[in-house]
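Colleague: missing the sequence, but the structure's below:
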């Protein structure tokens, strides 16, 4: 097969899915040669895919060493969530001030509902749609700098936020909260909407991350003893 058999975008998408699904665990070294043989391409498309994955924050490329699946620490995830909370709080205020209709958010929510009902549950597809819902909210605000800042935070590849496993109960809670976001936009109350976004992201998800960080520290302390 020639290099035209699979595009860089297709190769990047496949490798990204393998990382997010855990097929390629954190710390694993990825070989350009092996992947080139597997996909019947030269090393160039593999190298380009690696660059995209590095930009996503999923891969660490070390000169003279190799390319490794990156591990995002819980502290990094917490810091990212803290910044994201207030970016989205600003976004929902701007959406309401601009009088935007949340049609695109409703479309995302409908697709997410379909994914929740499907068997077997596709966690990666749900994570992608979950991200799309929140990024669409930011984009709807009509502030290019806000969208650019949001994208630079690389939330699309945040395993602890969008791609972490959810229990059926957590899925239902998340779905109801997304419905509430749409309702609040239509109610045109920016203060209430901002507060709900902060509650949605900060109080529950941040608290969970802090608990995991504390647990991690305690386990590390016990090991040292």
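Modeller: Okay, I see it. Source: prediction; values computed, not measured.
Colleague: tell me, what residue is most central in the protein?
Modeller: residue 156 (3.4 Å; CA atoms, centre = their mean).
Colleague: what sits against residue 127?
Modeller: With contacts defined as CB atoms under 8 Å, 6 or more residues apart in numbering, residue 127 is in contact with 20, 162, 163. Quick note: C-beta positions are derived from backbone N, CA and C, even for glycine.
Colleague: just give the number of residues close to residue 182.
Modeller: Using other CB atoms under 10 Å, residue 182 is surrounded by 18 other residues.
Colleague: got a list of contacts for stretch 103-119?
Modeller: Contacting residues not belonging to stretch 103-119 are listed as 121-122, 125-126, 129-130, 132-133, 136-137, 140, 171, 175, 178-179, 181-182, 185 [CB under 8 Å, 6+ apart].
Colleague: need the longest helix for this structure.
Modeller: Secondary structure assigned by DSSP state H gives helix 74-98 as the longest helix of the chain.
Colleague: among the contacts of stretch 103-119, which are located in helices?
Modeller: Applying DSSP H to those, the entries found in helices are 125-126, 129-130, 132-133, 136-137, 140, 171, 175, 178-179, 181-182, 185.
Colleague: give me the lowest-pLDDT entry from those.
Modeller: On pLDDT alone, residue 171 ranks lowest of the ones in helices among the contacts of stretch 103-119, at 85.
Colleague: ok, now which ones touch that residue?
Modeller: By CB under 8 Å, 6+ apart, the neighbours of residue 171 are residue 116.
Colleague: below-threshold pLDDT in this protein: ranges please.
Modeller: 1-4, 204, 216-217, 219-225 (pLDDT under 70).
Colleague: ok, now with 80
Modeller: 1-5, 72-74, 157-161, 163-166, 202-225 (pLDDT under 80).
Colleague: can you list the domain ranges for it.
Modeller: 3-69, 74-224 (automatic domain parsing).
Colleague: for stretch 156-171, buried residues please.
Modeller: Neighbour counts using 16 or more other CB atoms under 10 Å place 156, 157, 158, 159, 160, 161, 162, 163, 166, 171 of stretch 156-171 among the buried residues.
Colleague: now do that stretch: distance to the chain's middle.
Modeller: With CA atoms, centre = their mean, to the nearest Å as the basis, stretch 156-171 stands 9 Å off its chain's centre.
Colleague: one more: stretch 91-107?
Modeller: For stretch 91-107, the gap between its own C-alpha mean and the chain's C-alpha mean amounts to 21 Å (CA atoms, centre = their mean).
Colleague: same question for stretch 173-192.
Modeller: 21 Å.
Colleague: what does it rub up against?
Modeller: With CB under 8 Å, 6+ apart as the test, stretch 173-192 has contacts from 92-93, 95-97, 99-100, 102, 105-106, 109, 112-113, 116, 130, 133, 137, 166, 193, 196-197, 200.
Colleague: now, of the residues you listed, which are buried?
Modeller: Neighbour counting over these (16+ other CB under 10 Å) leaves 92-93, 95-96, 100, 102, 105, 109, 112, 116, 130, 133, 137, 166, 193, 196-197, 200 as the buried ones.
Colleague: mind listing residues that contact stretch 39-55?
Modeller: Under CB under 8 Å, 6+ apart, the answer for stretch 39-55 is 1-3, 5-8, 11-12, 14-16, 19, 30, 32-33, 35-36, 59-61, 67, 154.
Colleague: residues near residue 183, how many?
Modeller: Here the number of neighbours of residue 183 (other CB under 10 Å) works out to 12.
Colleague: correction: residue 63
Modeller: Counted with other CB under 10 Å, residue 63 comes out at 5.
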